[in-house]
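**Student:** sequence-free structure coming up:
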């Protein structure tokens, strides 16, 4: 169930306008610009629950699932030091923006695969703060995301092409080889 909050209509209007194209690169470029605008728009106030983290895992809260366009908007709350394993986005484009705190993203390049075994090499590491936004467009979707701060929580907004209810995670086997595992994703309560 999606959350209501002050300025949600403004956010949805900006996102609807951005996703009206048919080229993933154009859509994600427009969404990055829109998210940066939204972070500076005092009319958009995220619900209080978005700023509460869980001590055992990062939180995923659905802000909106658009029935017609298919996209979903999630707020993710990262407690101090929390992060993900290497994962993909199940073939969907995504735009991510830092709303509070800072985030570190490590992007990986797929070098080769053999069944469920993938050789992934780290390419870039980006540490970003409030007001920054980035995108992932398949096949360049392998990455980790983490809150590098050991004292304060971080909040990110993610807009996915569809419902992000599963992905693949990659468990290290050695020498840049990883075993792909399917993972179902859940949402945290408000």
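**Tutor:** On my side now, so go ahead. Fair warning: this is a prediction, and the values are worked out from it, not measured in the lab.

**Student:** buried residues in the helix or strand harbouring residue 33?
**Tutor:** Element membership for residue 33 (DSSP states H and E) is helix 24-39. Using 16 or more other CB atoms under 10 Å as the test for burial, helix 24-39 gives 27-28, 30-32, 34-35, 38-39. In short, each C-beta sits where N, CA and C put it, glycine included.

**Student:** need the next SSE after that helix, C-terminal direction.
**Tutor:** Counting by DSSP H and E, what follows helix 24-39 is strand 59-65.

**Student:** Going toward the C-terminus from that next one, what's the next helix or strand?
**Tutor:** Sequence-wise, the next helix or strand downstream of strand 59-65 (DSSP H and E) is strand 72-78.

**Student:** how about the helices of the protein, start to end?
**Tutor:** Per DSSP state H, the chain carries helices over the ranges 8-18, 24-39.

**Student:** what's the longest one in contact with?
**Tutor:** By CB atoms under 8 Å, 6 or more residues apart in numbering, the list of residues contacting helix 24-39 from outside reads 10-11, 14-15, 17-19, 21, 44, 93-95, 97, 99, 130-135, 137, 157, 159, 161.

**Student:** Strand 72-78 and that one, what's the angle between them?
**Tutor:** Calculated by axes from the mean of the first three to the mean of the last three CA atoms, to 10 degrees, helix 24-39 forms an angle of 60 degrees with strand 72-78.
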